[in-house]
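>>> let me see the structure of the following:
(3 chains)
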Amino acid sequence: MTSQPTLAYIGEETAGDAMHGLVRRLYPICRSITGDGVRETLRIIREHLPLEIREVPTGTKAFDWTVPEEWNIRDAWIKGPSGEKVLDLQNSPLHVISYSTPVRATLSLEELKQHVVTLPDSPDWIPYRTSYFKLGWGFCMSHRALMALPEGDYDVCIDSTRRSGHLTYGEFYLPGHSPEEILVHTHICHPGMCNDNLSGIAIATFLASGLAARNNYYSYRFVLLPGMIGPIVWLALNEHKVKWIRHGVILTCLGDAGGFTYKKSRRGNAEIDLAVAHALRHSGSEYQVRDFSPCGYDERQYCSPGFNLPVGRLTRTPNGEYPEYHTSADNPGLVSAAQLQGSLELCRCIFDILERNRFYINMYPNCEPQLGVRGLYRTQGGTAQALAEEARLWVLNFSDGEHRLLDIAERSGLPFATVADAARELTNHGLLQGADGS
Amino acid sequence: MTSQPTLAYIGEETAGDAMHGLVRRLYPICRSITGDGVRETLRIIREHLPLEIREVPTGTKAFDWTVPEEWNIRDAWIKGPSGEKVLDLQNSPLHVISYSTPVRATLSLEELKQHVVTLPDSPDWIPYRTSYFKLGWGFCMSHRALMALPEGDYDVCIDSTRRSGHLTYGEFYLPGHSPEEILVHTHICHPGMCNDNLSGIAIATFLASGLAARNNYYSYRFVLLPGMIGPIVWLALNEHKVKWIRHGVILTCLGDAGGFTYKKSRRGNAEIDLAVAHALRHSGSEYQVRDFSPCGYDERQYCSPGFNLPVGRLTRTPNGEYPEYHTSADNPGLVSAAQLQGSLELCRCIFDILERNRFYINMYPNCEPQLGVRGLYRTQGGTAQALAEEARLWVLNFSDGEHRLLDIAERSGLPFATVADAARELTNHGLLQGADGS
Amino acid sequence: MTSQPTLAYIGEETAGDAMHGLVRRLYPICRSITGDGVRETLRIIREHLPLEIREVPTGTKAFDWTVPEEWNIRDAWIKGPSGEKVLDLQNSPLHVISYSTPVRATLSLEELKQHVVTLPDSPDWIPYRTSYFKLGWGFCMSHRALMALPEGDYDVCIDSTRRSGHLTYGEFYLPGHSPEEILVHTHICHPGMCNDNLSGIAIATFLASGLAARNNYYSYRFVLLPGMIGPIVWLALNEHKVKWIRHGVILTCLGDAGGFTYKKSRRGNAEIDLAVAHALRHSGSEYQVRDFSPCGYDERQYCSPGFNLPVGRLTRTPNGEYPEYHTSADNPGLVSAAQLQGSLELCRCIFDILERNRFYINMYPNCEPQLGVRGLYRTQGGTAQALAEEARLWVLNFSDGEHRLLDIAERSGLPFATVADAARELTNHGLLQGADGS
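Predicted coordinates:
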């Protein structure tokens, strides 16, 4: 990452539509944890963001793991007794169990059923299944379609390859004033589903392009990785960079209609945890904040005990908690432009907090300074203090070198932005000084 | 403050009436943050308490502030078109905006209204307004009176002076066994209102005279100061004394019918905070305990970050939270002898806790000592233990050098006095020793 | 304690009946804090457990206390005007106030009543009273029986001795891999009552015999002592052993139909406190956990400030909180085999936690290790994780040298056994190592 990239900045008012457009465009691509679907996905993202594309060879060691063989699929179908296709990969990338080995065979209906996964309780939906670490093959289809198949012989075809190649991922590094980094992770492996995780991809993309148009204190690192194996490989290859990560967040499932759920980092009281909780509290949205658990998505790797990074996970409805999860019903209708927009705005708010959350020192610590003569105070007594004035008093009183602005916002109950604006104003009047002398 | 003063000690049973008498006597005086009204007020208090009167010259620097010019007013009135007075300072000291510059003019009704403040929502009440730090003049009157004024010419007169002089305050220092101090602050600047703050003045006066009749561990310092500028000036002139302040409390709004509200010191867990919370919990009164905020009354100065003193604020209904606040309706009817009495008793209870709250050491730390042979235990088994016996066991078990009596009272749920009495009894029996060897 | 004792191990399914049998057998014996009733009780317990019997001479100093004279009683009765016995010790050991001095006299009904204690509110029950530290004599009887006595002369007889002898207690030490000890205390002084404390005696006896059949990490020390004076004497004579006590529990009132109540040690967050709270939370029983107070049973001595041992107290309904407490209604019908069984199982569960609660170290701390290749992970994605798999992830993530298994169980919400089983499995696969290298 050398020259400052040229970025197509999308304004807030239209970002939602643009994100939903990106979701729809990426939707049909057959992705997996490796292969050309991932490459095509990253190529399209690159139209918005000058991602670096990385290729990690099969067999590369990554802690206890090894980069797997690359999987690609050209075609897959099932033809029924009368020769017509009763299942076709072109209709949905979910129709084949990901990482299925190639097959060409004729089977009885009974034999075929051994290789078909359905959801009897949701008979119209196709499930999503993978078999990354076990050789085998299979199809996924709707239960209703399977039940409708007549007795007879079925030709099945999976025209796939599983062979030495690469694991592909994207990375966008945006330098700030400080080498301290904020890490944003989103996974790029899921095929044929929108909330999980084209929503995360779209938010990360537009968040990055928005940040690139600003002057940031922190450096930002966006990593677009296959789930599970991806962060393991990235961490193994980038251990020397980890020491710069000050805050991090996993973005996924951010397009559905649910409220927000933030899962805290393993540390539980990291600054990112406090910042997200504050942003949510003042967001006007429904939300939950949950403690860390080692079950879930890619936070498991960043929060493994050897790393224990301050990385939380932001979703709307979390993985596994909405009925459409990991099925064909997670389609472009499940996510909306407005919901994506709301998620993007929350992320911006979180990063605004992190960017501005500093220690200040009150230059007049003994009693209050005269605010009135500086135009910072009502000049007649007896009326209620305005919010801004209240914020000034809070900032002055607690800018003692022990409270950051976010601490002051939490203690006062005021929104962070009000507190941070008061700090800027007081600094301009010489009443406050950044703890680093600024 | 040299010789021990002679004090008129008022017994508990009559203190309420005496305090209400003092409130009524001080009520008509036209006070401000400086001037002869304050001097007259302190002179009357001196009939009860040998206050030192201090005069600080205009122009004296106090941190970011300067002692302002002294303001005095002899007369003020408005005469209507027919020559009769439609407003007269003699009827209420609230009729003139405090620190109004002198004026003598004839105005149309419309011009007059530019200089009159009313409360349209409380049309019978006169508001209280000040203009300490901005030159100007104005009147306050009831909205109903203003509305009744006919068109015509109005003669207005404010016969005031605003010129170099002094800021006047009172201080009463009562030496105890220790140079460690308890600071009691009350403000003396408010004219024509009773709860804010003749109630605070009356409580402080009678509290001081009661303490002066006792043998105290702590030294007590009562400061009767104008609001806002007063504690700033006091702190600036007495920085060398601040190191002795162990506990402090602001007394104000203590005569109304509401429950008690204690606002904690900035430290939040200072001994005064714990003592007041304990006293309130066992008071049988309605009460609230609130966290510190830098908005409010004079606690703002004592709790500024450079001082961060353990000073809380005790009120009944806090400033701004009762409808009569800062209006002529805060009159002698709003406060009662019984309510003042209750506030005084609570203060005495708080100071009793602070006086007796010490570390003790159990001289028999291994297993319980024999209480029965010392007459401190029921001699037959099987019946419920009495409260006093329970207190003895608590005091013995937790007098390990890490728990003060108040900690033990809190942990046991017993009233402080029961615990402190048990400690005295156990000390008399040689089972306990004060941690300082007493 | 020299040779390993031969123990009659009673299986879980029959322990309840066996314990109730022991309760019924010990019930009629006239116990006190000293004397032959205690010796007979310990002799019978020795049929189940090779207790050491200790005899401490009268006059032995124990901190502030002295071992009292030994009390024995052969007979006691009251004969009515017509010569028939209206009270007979043979009917209930509660009929005489414990430690009554000998008496042989003829009294009027009125004089007799000065020496009789009854419970007017529970007229059919005989109360339990003692007079250990005060010379005197008296009877206890039902209020109904007292009321039925006619006027006339009564012959009274208490054929007791109160003279130099011994205080007798039992101790069972079971060596484990470590010299670190778990202390189990139960009191043996109460006559003629079952819940208090034949239930505690029975649980302790069968718990000890069960532990003796196992291979334990901890050494166990069971002390069967008279209440109050017993632990004082034991602690005074065994101060050098105290340093080995890592955990301890008082067992009493464990046979009634109530839920469990655990009273925490004075430390409040000792491992025993956490272990019992965890066991109770997953027990499926009603329970309460209470903070320590210095009022109660023998925890008072172990938790005196000079010792401050991590000793809690486990009961079903605590002393003083059930109507039959310290009366003749605390009879074999109040306790049941099933209730004793449930208490025993809870104790076993608590000790299982303490035995297995260790620090482990994740040998693959950077990212998750591959569980699938080791058969520890579902091989297809998309389905809910099983509980055991969840436990593996929790154990791996938090085995960082700072969390013991119980901490991990608490944080995850999983039962301790599930977590401990996962740790064993992961250790067997080389993914985990005991922090002590095992």
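>>> helices of chain A, start to end?
According to DSSP state H, chain A carries its helices in the segments A:12-26, A:36-45, A:109-113, A:143-147, A:199-212, A:229-237, A:271-281, A:299-302, A:337-356, A:387-398, A:405-412, A:416-428.
>>> give the buried residues for the second one.
For helix A:36-45, a neighbour-count test (16 or more other CB atoms under 10 Å in any protein chain shown) marks A:Asp36, A:Gly37, A:Val38, A:Arg39, A:Thr41, A:Leu42, A:Ile45 as buried. Where C-beta positions appear, they are placed from N, C-alpha and C, glycine not excepted.
>>> tell me the one among the residues you listed nearest to A:Asn195.
Checking these against A:Asn195 with CB to CB, the nearest one is A:Thr41 at 16.0 Å.
>>> I'd say the closest one and A:Ile188 touch.
Yes. Between A:Thr41 and A:Ile188 a contact is recorded at 5.7 Å, counting by CB atoms under 8 Å.
>>> overlap of the contact sets of these two?
Overlap of the contact sets of A:Thr41 and A:Ile188 (by CB atoms under 8 Å, 6 or more residues apart in numbering or on different chains) consists of A:Arg31, A:Ile201.
>>> the closest residue in space to A:Tyr220 that isn't next to it in sequence: how many residues sit nearby?
Excluding the flanking residues, the one nearest A:Tyr220 by CB to CB, 6 or more residues apart in numbering or on different chains is A:Leu174, at 4.3 Å. By other CB atoms under 10 Å in any protein chain shown, 23 other residues sit near A:Leu174.
>>> A:Leu174 touches A:Asn215, doesn't it?
No. With contact defined as CB under 8 Å, A:Leu174 does not count as touching A:Asn215 (11.0 Å).
>>> and of the buried residues of helix A:36-45, the nearest to A:Gln114?
Using CB to CB, the buried residues of helix A:36-45 come closest to A:Gln114 at A:Gly37, 26.7 Å.
>>> which ones are touching the closest one?
A:Ile29, A:Cys30, A:Arg31, A:Pro93, A:Pro191.
>>> how close does the residue lying closest to A:Arg74 once chain neighbours are set aside sit to A:His166?
Nearest residue to A:Arg74, sequence neighbours excluded (CB to CB, 6+ apart): A:Asp159, at 4.6 Å. Shown here: A:Asp159 relative to A:His166, a distance of 20 Å by CB to CB, to the nearest Å.
>>> who has more neighbours out of the two?
Shown here are A:Asp159 and A:His166; by other CB under 10 Å, A:His166 has more neighbours (18 against 15).
>>> OK, contacts around the residue nearest to that one when sequence neighbours are not counted?
Closest residue to A:His166 apart from its sequence neighbours, by CB to CB, 6+ apart: A:Glu55 at 4.0 Å. With contact set as CB under 8 Å, 6+ apart, A:Glu55 has these partners: A:His166, A:Leu167, A:Thr168.
>>> that older thread, quick one: the residue nearest to A:Tyr220 from A:Ala208, how far?
7 Å.
>>> now for these two: what residues contact both?
Applying CB under 8 Å, 6+ apart, one finds that A:Leu174 and A:Ala208 are jointly contacted by A:Tyr220, A:Phe222.
>>> which of the contacts of A:Glu55 fall within strands?
The strands, defined by DSSP state E, take in A:His166, A:Leu167, A:Thr168 from these.
>>> can I get those residues in TSV with distance to A:Tyr132 and pLDDT?
Below are the ones in strands among the contacts of A:Glu55 laid out as TSV (distance: CB to CB, whole Å; pLDDT from 0 to 100):
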residue	distance to A:Tyr132	pLDDT
A:His166	15	98
A:Leu167	11	98
A:Thr168	15	98
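>>> around chain C, which positions in the stretch 251-400 of chain A sit nearby?
Proximity of the stretch 251-400 of chain A to chain C (CB under 8 Å from any CB of the partner chain) is limited to residues A:266, A:291, A:293-295, A:300-301, A:303-308, A:320, A:326.
>>> quick one: buried residues of stretch A:425-438?
For stretch A:425-438, a neighbour-count test (16+ other CB under 10 Å) marks A:Glu425, A:Leu426, A:Thr427, A:Leu431, A:Leu432, A:Gln433 as buried.
>>> same deal with stretch A:59-70?
Buried residues in stretch A:59-70, defined by neighbour count with 16+ other CB under 10 Å: A:Ala62, A:Phe63, A:Asp64, A:Trp65, A:Val67, A:Pro68, A:Glu69, A:Glu70.
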